[in-house]
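> let's see this in three dimensions:
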Amino acid sequence: MKILKIDKQLNELLVIPETLDDLWHLEKIIESGDVVAGKTDRKIKPSKEGEKTIRQTLFINLKIETVHFQEFSENLKLGGIILSGKPKEFVEIKAHQSIAVKPQEKVKIKKASLKAWQIERLKKAEKESASAKLLVILMDDEIAELAFVNQFSITKKAKISSKKQGKMYAEEKSPYFEKIFDKLINLEPKKILIVGPGFVKDNLKKFIEEKRIKGLPKIITENVNSVGKTGFNELLSQGKLDLIEKELQLTKETKLIDEFLEKLSKNTAEYGTDAIKESLTNGQVEKLIIAETFLLENRDKTEEIMNLAENMKTSINIISSKNPQERTIQNMGGVVGILRYKKS
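Predicted coordinates for the structure are as follows:
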């Protein structure tokens, strides 16, 4: 994400989404009632009989009614009512229209109110775009999973089986490592982390480095006890990704949830909107934690709590809906808090 302008006085944003993840972030920020400037194509009916219908590119200001992003379509679809636009002779004011926002296209957003959490989310997306693509290879001597890990998600790209025969299988001489290597090269990572139990990860690292491929990033290895979902959970919960990217949001969120659960067992945490509002008013909450899904489904209620937290100098943390552990916060009312001192 490239942030070109954040104007808090005019409540305006000017950004360029660079990836599909950036479009996903914009989906969470753009709301009904916002005005978005963009371009679209519209069929213009002929004014005279016998003339052909033409397709005209319009530059319009759209008052947003619907926001919808699907990764397979590779665009963010915004629907709403045309307020103004150019060329004027082709613009039908108050007509319903849609804009398909794509990566690398400039987007101007005018909001009734620009929230602090929305600015923070954009800045995290900008930082994410600037950071390198981290490829994690989670493996043992039978199976390898390759996944890109960014601040908000784990995106699995391949699963490769060794089809090994017996414990004395020499993986270095097999197609197993070669298949992993070929997939790795095609994915073009900027950083590589190989994790798993035993020594097979170290053998793969040696195998890859002996290829002496120019421009290949440095490879780091780390031990985890399991592969599959359990291995990825271990990688996140124990903070081992911090070896590569200390500021990975997914790791920070998981640690924060673990901290909340630990504090809850010690009676120094709270959950539920009513209890959290009372604790905030008393200045008792140190860290406010909100499930993104709850925020998007209950904007008014949640933003009231967030405004109270800002006034009380409480840190605000939003757990991404792409984080599998967001469900933990959802199940506890969507809003929880870590307290400064034990409840009476």
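
> please count neighbours and contacts with C-alpha atoms only from this point.
Will do.

> after the lowest-mean-pLDDT helix or strand in the chain comes which helix or strand?
Sorting the helices and strands of the chain by mean pLDDT, DSSP states H and E puts helix 116-130 at the bottom, at a mean of 81. Following helix 116-130 in sequence order, the next helix or strand is strand 134-139 (DSSP states H and E).

> what about residue 218, neighbour count?
11 (other C-alpha atoms under 10 Å).

> which other helices and strands does the least confident helix or strand of the chain contact?
Applying 3 or more C-alpha pairs under 8 Å, 6 or more residues apart in numbering; DSSP states H and E, we find helix 116-130 packed against strand 2-7, helix 20-29.

> now do the same end-to-end measure for stretch 77-95.
16 Å (C-alpha to C-alpha, to the nearest Å).

> do stretch 215-233 as well
30 Å.

> so which bits of that stretch are buried?
216, 219, 220, 221, 222, 223, 224, 226, 227, 231, 232, 233 (16 or more other C-alpha atoms under 10 Å).

> pLDDT score for the fifth one?
Reported pLDDT at residue 222 in the predicted model: 88.

> that older thread, next, format the helices and strands packed on helix 116-130 as JSON lines and append mean pLDDT.
Below are those laid out as JSON lines (pLDDT from 0 to 100):
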{"stretch": "strand 2-7", "mean pLDDT": "94"}
{"stretch": "helix 20-29", "mean pLDDT": "85"}
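
> deepest-packed of those, please.
Comparing the helices and strands packed on helix 116-130 by mean neighbour count (mean count of other C-alpha atoms under 10 Å), helix 20-29 comes out on top with a mean of 20.

> inside strands: which ones of the buried residues of stretch 215-233?
Counting by DSSP state E, the buried residues of stretch 215-233 place 219, 220, 221, 222, 223 in strands.

> how far away is the first one from residue 237?
As for residue 219, its distance to residue 237 is 22 Å (criterion: C-alpha to C-alpha).

> burial of the nearest residue to residue 224 once chain neighbours are set aside, as a residue count?
Spatially, and ignoring its direct neighbours in sequence, residue 224 is nearest to residue 196 (4.9 Å; C-alpha to C-alpha, 6 or more residues apart in numbering). Residues contacting residue 196 under the criterion other C-alpha under 10 Å number 25.

> equivalent analysis for residue 320, please.
Neighbours of residue 320 using other C-alpha under 10 Å come to 19.

> need the contact list for it.
152, 250, 291, 292, 293, 326 (C-alpha atoms under 8 Å, 6 or more residues apart in numbering).

> min pLDDT across those, which one?
Scoring the contacts of residue 320 by pLDDT puts residue 152 last, at 63.

> one step back: what would the buried residues of stretch 215-233 look like in TSV with distance to residue 161?
Below are the buried residues of stretch 215-233 laid out as TSV (distance: C-alpha to C-alpha, whole Å):
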residue	distance to residue 161
216	24
219	21
220	22
221	20
222	20
223	20
224	19
226	16
227	12
231	16
232	17
233	21
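
> tell me the SS of the closest residue to residue 33 other than its chain neighbours?
Closest residue to residue 33 apart from its sequence neighbours, by C-alpha to C-alpha, 6+ apart: residue 64 at 5.2 Å. With DSSP: H, G, I helix; E, B strand; the rest coil as the basis, residue 64 sits in strand.

> tell me what the top helix by length along the chain is packed against?
In terms of residue count, the longest helix belonging to the chain (DSSP state H) is helix 249-265. Here helix 249-265 touches helix 228-237, strand 269-271, strand 335-339, going by 3+ C-alpha pairs under 8 Å, 6+ apart.

> for the longest one, which outside residues touch it?
Put plainly, it is helix 228-237. The contact list for helix 228-237 (C-alpha under 8 Å, 6+ apart) reads 138, 145, 196, 224, 225, 226, 241, 250, 251, 254, 255, 258.

> and the direction of the helix or strand hosting the second one versus that of helix 249-265, what angle?
Taking DSSP H and E as the definition, one finds residue 145 inside strand 143-149. Direction vectors for strand 143-149 and helix 249-265, defined by axes from the mean of the first three to the mean of the last three C-alpha atoms, to 10 degrees, enclose an angle of 90 degrees.

> tell me where the stretch 51-200 of the chain has helices.
116-130, 175-187, 200-209 (DSSP state H, counting those that start in this stretch).
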